[in-house]
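Peer 1: kindly generate the corresponding structure for this input.
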Amino acid sequence: MIKEDLKKIKTAIPENVKLVAVSKTKPVPMLEEAYEAGQRHFGENRVQELEEKYTVLPKDVKWHMIGHLQSKKVKKIAPFVHLIHGVDSFKLLREINKQAFKNERTINCLFQFHIAQEATKFGLSFEEFEEILKSDAFSSLNNIRVCGVMGMATFTDSLEQIHAEFRALKEIFDEIKSKFSAQLPHFTEISMGMSGDYEIAIEEGSTMIRLGSSIFGSRG
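Peer 2: Next comes the predicted model:
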């Protein structure tokens, strides 16, 4: 089933859209099945689970940290993480840079923006982002690579609202690209869209979708 679902999704999405299989809470055999079907990008939202799966899965897997990340836990994933989706503070960015330097790596990051009408969602405002980018301290961070933006839409039945929120993130991406392209040469990704809304996200310009239940089912 996993193989069939992956094939169906990959056939349906545009070639420029990366598929991250959200494997949180899923047992290793399910990840191995997805791997055998050609999937290489996997997303976890808990550091401990990410560490455990990294040790047993093949080393060409590209691991995405998609959940809220505490600064004190960065060092655990710094040796191997491919992309950190949820950078929502300068404190966290600085810690990622510090741990990347210790591991002689450059770590890819996305800035998370608050686009939903839900207070529980994390994320920066555009003003907070600008403040970070214009600071002298930002220019000294040589071991991070800012690759784009990430956001989550409100959990709602209103398709109009979901469209509007994803469109807002695309507008933020475009504004950053036009204002700061010299500072951010690797700025290409818009990570938005999950199993319930990824088709809308793609319509609104997503380059990276994070799908769990569409691949692995809602349980297991």
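Peer 1: please name the nearest non-neighbouring residue to L57.
Peer 2: Spatial nearest neighbour of L57, chain neighbours left out: L31 (6.1 Å); criterion: CB to CB, 6 or more residues apart in numbering. (Each C-beta comes from the backbone N, C-alpha and C, glycine too.)
Peer 1: actually F129, not the one I typed
Peer 2: F111 (5.9 Å).
Peer 1: so who does the one you found touch?
Peer 2: The neighbours of F111, taking CB atoms under 8 Å, 6 or more residues apart in numbering as the test, are V87, D88, L124, F129, V146, G148, V149, M150.
Peer 1: change it to 10 Å
Peer 2: 85-89, 93, 123-124, 128-129, 132-133, 146-151, 172-173, 176, 184, 187 (CB atoms under 10 Å, 6 or more residues apart in numbering).
Peer 1: what's the following helix or strand after the helix or strand that contains it?
Peer 2: For F111, the element it lies in under DSSP states H and E is strand 107-112. For strand 107-112, the following helix or strand on the C-terminal side (DSSP H and E) is helix 126-134.
Peer 1: helices or strands up against that next one?
Peer 2: helix 90-102, strand 107-112, helix 136-139, strand 144-150, helix 159-180 (3 or more CB pairs under 10 Å, 6 or more residues apart in numbering; DSSP states H and E).
Peer 1: deepest-packed of those, please.
Peer 2: Across these, the average number of neighbours (mean count of other CB atoms under 10 Å) peaks for strand 107-112, which reaches a mean of 25.
Peer 1: pLDDT below threshold where in this structure?
Peer 2: 120-121, 219-220 (pLDDT under 70).
Peer 1: how about G123, what does it touch?
Peer 2: 68, 86-88, 111-116, 129, 149-152, 169.
Peer 1: number of nearby residues for the nearest residue to it once chain neighbours are set aside?
Peer 2: Leaving aside its sequence neighbours, G123 sits nearest to H114 (CB to CB, 6+ apart; 3.2 Å). The number of residues packed near H114 is 20, by other CB atoms under 10 Å.
Peer 1: I'd say H114 and D88 touch.
Peer 2: Yes: using CB atoms under 10 Å, H114 is in contact with D88, at 8.1 Å.
Peer 1: list residues touching both of these two?
Peer 2: Common neighbours of H114 and D88, using CB under 10 Å, 6+ apart, are K121, F122, G123, L124, E128.
Peer 1: out of the residues you listed, the closest to E52 would be?
Peer 2: F122 (23.8 Å; CB to CB).
Peer 1: what's the spacing between the residue located most distally from the centre of the chain and R145?
Peer 2: In the chain, counting by CA atoms, centre = their mean, D136 sits farthest out from the average C-alpha position, at 25.9 Å. Per CB to CB, to the nearest Å, D136 is found 19 Å from R145.
Peer 1: ok, now how distant is the residue positioned nearest the centre of the chain from F180?
Peer 2: The centroid of the chain falls nearest to H85 when counting by CA atoms, centre = their mean (3.2 Å). H85 sits at a distance of 19 Å from F180 (criterion: CB to CB).
Peer 1: burial check on E203, number of neighbours?
Peer 2: Counted with other CB under 10 Å, residues neighbouring E203 total 12.
Peer 1: contacting residues for the nearest residue to it once chain neighbours are set aside?
Peer 2: Closest residue to E203 apart from its sequence neighbours, by CB to CB, 6+ apart: H163 at 7.5 Å. Residues counted as contacts of H163 (CB under 10 Å, 6+ apart) are A153, D197, I200, A201, E203, E204.
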